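> this is a predicted model, with the sequence first.
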Amino acid sequence: MSGRTFVALTLTPESPLTDWLSALDQQIARSVGFFAGKPVIVDLSMVQADTPGLSTLPDDLKQRGIRIIGIEGGSRDWPATTGWEWPESPASARTPPTQTRENASSTDADPASQSKNANHPVTLVVEESIRSGQQVIWPEGDVVVLGAVASGAEVSAGGSIHIYGALRGRAVAGIGGRGSSRVFTKALDAELVAIDGFYATAEEMDPACASGPAQILLEGERLVFRALPG
């Protein structure tokens, strides 16, 4: 193997920052540990040079356990950002969107097909099973896994997650506030399923869907499990 590709989650603060941080706190409370160990890029495209509270944003995020490895948008010349530690990270180059933990191989993706246009979400297709210890993160759209997701593995997607094999690990859909996302799997034996920050552990899942084809969706603030035809 010639190398691995590591990609971070992206946070896009919006004005007013006090409200945005409050919403972030609510998401963290719903999904404890979601950001733990995950690198994050801060995208400043939705704030202005004079946005109140901007100067303390890096410290505000660090206090919440969020590890910043890159900053995009904005300007180093803004008065509010002059005191920032501006990370120099290859992540800002927007490399192909697959992250694997140490000792796990990366998943191939075609960079030519990965448009970053938010109005045209891109589906990431993983043409193999995701092994224990691997983590795939794709905040740009849906993720399709043609194999299984093993216990100890995790798939995170900005949109829906489609798993053609068994889901035995963790599936986190709708990251970034996309509550209409769903999770589909041929065999539901998951450790955890989450949509837009609302989650259910194995003990909380509908036993009627256990080990069978299922879809999971969010209704209000509750995950709903529905069996699918075999």
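That came in fine, so what should we check first? Just so we're clear, the structure is a prediction, and the values are computed from it rather than from any experiment.
> stretch 48-57 - what's its average pLDDT?
For stretch 48-57, mean pLDDT rounds to 94.
> give me the contact list for that stretch.
Contact with stretch 48-57 is made by 13, 15-18, 42, 47, 60, 74-75, 78-81, 83, as judged by CB atoms under 8 Å, 6 or more residues apart in numbering. In short, each C-beta sits where N, CA and C put it, glycine included.
> report the buried residues of that stretch.
Buried residues in stretch 48-57, counted by 16 or more other CB atoms under 10 Å: 51, 53, 54, 57.
> and stretch 67-84, by the same measure?
Across stretch 67-84, burial judged by 16+ other CB under 10 Å covers 68, 69, 70, 71, 74, 78, 80, 81, 84.
> adding secondary structure and distance to residue 23, write those out as JSON lines.
Listed next are these as JSON lines, based on DSSP: H, G, I helix; E, B strand; the rest coil; distance: CB to CB, whole Å:
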{"residue": "68", "secondary structure": "strand", "distance to residue 23": "18"}
{"residue": "69", "secondary structure": "strand", "distance to residue 23": "22"}
{"residue": "70", "secondary structure": "strand", "distance to residue 23": "22"}
{"residue": "71", "secondary structure": "strand", "distance to residue 23": "20"}
{"residue": "74", "secondary structure": "coil", "distance to residue 23": "20"}
{"residue": "78", "secondary structure": "coil", "distance to residue 23": "23"}
{"residue": "80", "secondary structure": "helix", "distance to residue 23": "21"}
{"residue": "81", "secondary structure": "helix", "distance to residue 23": "22"}
{"residue": "84", "secondary structure": "coil", "distance to residue 23": "22"}
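> flag the least confident of these.
residue 69 (75).
> one step back: from the buried residues of stretch 48-57, which land in helices?
residue 57 (DSSP state H).
> grab the longest helix from the protein for me.
Every helix in the chain considered (DSSP H), the longest is helix 17-30.
> can you tell me which helices and strands the helix or strand just after that helix packs against?
Going down the chain from helix 17-30, the next helix or strand is strand 39-43, by DSSP states H and E. Secondary-structure packing of strand 39-43 (3 or more CB pairs under 8 Å, 6 or more residues apart in numbering; DSSP states H and E): strand 9-11, helix 57-63, strand 67-72.
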